[in-house]
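A structural model of the following input is requested.
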Amino acid sequence: MFRYKYLSEKALLGLKNYKYKSGEYSTMDKVMTPFWNKAVEVLPMWMAPNLVTLIGFIAIVLAACQYLPYDLSLTKSFEPWCYAFSALSIFIYQTLDAIDGKQARRTGTSSPLGQLFDHGLDAWSTVFTVYSPMQILRAGTTVPFFIYSVGLMSGFYTANWEEYHTEVLRTSINGVGLTECQLALMGVLLF
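Numbers count the residues shown, from 1 in each chain. Modelled structure (predicted):
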């Protein structure tokens, strides 16, 4: 397992030369940027950007895991504080995901491997992000649950596939993007 060569020389060279290029910012990205710029200044300079990414990922995992021991069927209701905790966890995840790259540039530790780590945990976070709204709706493990899951994960996959071919990661279309979706989910959780 450890001796297997997972990436070709061409792929390793591509990873080494990778440069992140963001697409257009959504409306709420522009609104939240001053907050994110202040938030990154709170982080100590010694804090690795990958640690920022990991802490955000742990927050989103905790949001889903609070329900899992009690309800694998997605059919039970929970106390309001559980939904508030999920909203807070998504806010922490969103904030830390937005500032990990800023921390990397601030500390001079930006790297393609860090970007890969960030997007890898973002991919895993989509799995856990599916759980909270389905728990609220008490959707059960039914067709809507699988449609929502596949739709969310397909959106993430196609955005990254597009980046692979165009070298630009678009996270918004016509001013609406991921930040708006996350804020809407937090609003639904708080409601």
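
centroid residue for this protein?
D122 (3.9 Å; CA atoms, centre = their mean).

Quick check: pLDDT value at it.
According to the prediction, D122 has pLDDT 89.

How far off centre is the strand or helix carrying it?
For D122, the host element (DSSP states H and E) is helix 112-129. Averaging C-alpha positions (CA atoms, centre = their mean, to the nearest Å) puts helix 112-129 6 Å from its chain's average.

Run through the neighbouring helices and strands of the following helix or strand past it.
Elements were assigned by DSSP H and E; along the chain past helix 112-129, the next helix or strand is helix 131-137. The contact analysis (3 or more CB pairs under 8 Å, 6 or more residues apart in numbering; DSSP states H and E) places helix 131-137 against helix 49-65, helix 80-107, helix 143-166, helix 178-190. Any C-beta I mention is one placed from the backbone N, CA and C, and that applies to glycine too.

closest one to A11 among those?
A11 lies closest, by CB to CB, to one member of the helices and strands packed on helix 131-137: helix 143-166, at 11.2 Å.

list the contacts for A84?
Residues near A84 by CB atoms under 8 Å, 6 or more residues apart in numbering: 189-190.

ok, now Q115?
Contact analysis of Q115 by CB under 8 Å, 6+ apart lists 18, 20, 101.

Flag the least confident of those residues.
Taking pLDDT as the measure, those have their low point at Y20 (72).

That residue reaches E167, doesn't it?
No: applying CB atoms under 8 Å, one finds Y20 not in contact with E167, separated by 9.2 Å.

Between those two, which is the more surrounded one?
For Y20 and E167, the more surrounded residue by other CB atoms under 10 Å is Y20, and the numbers stand at 16 against 11.
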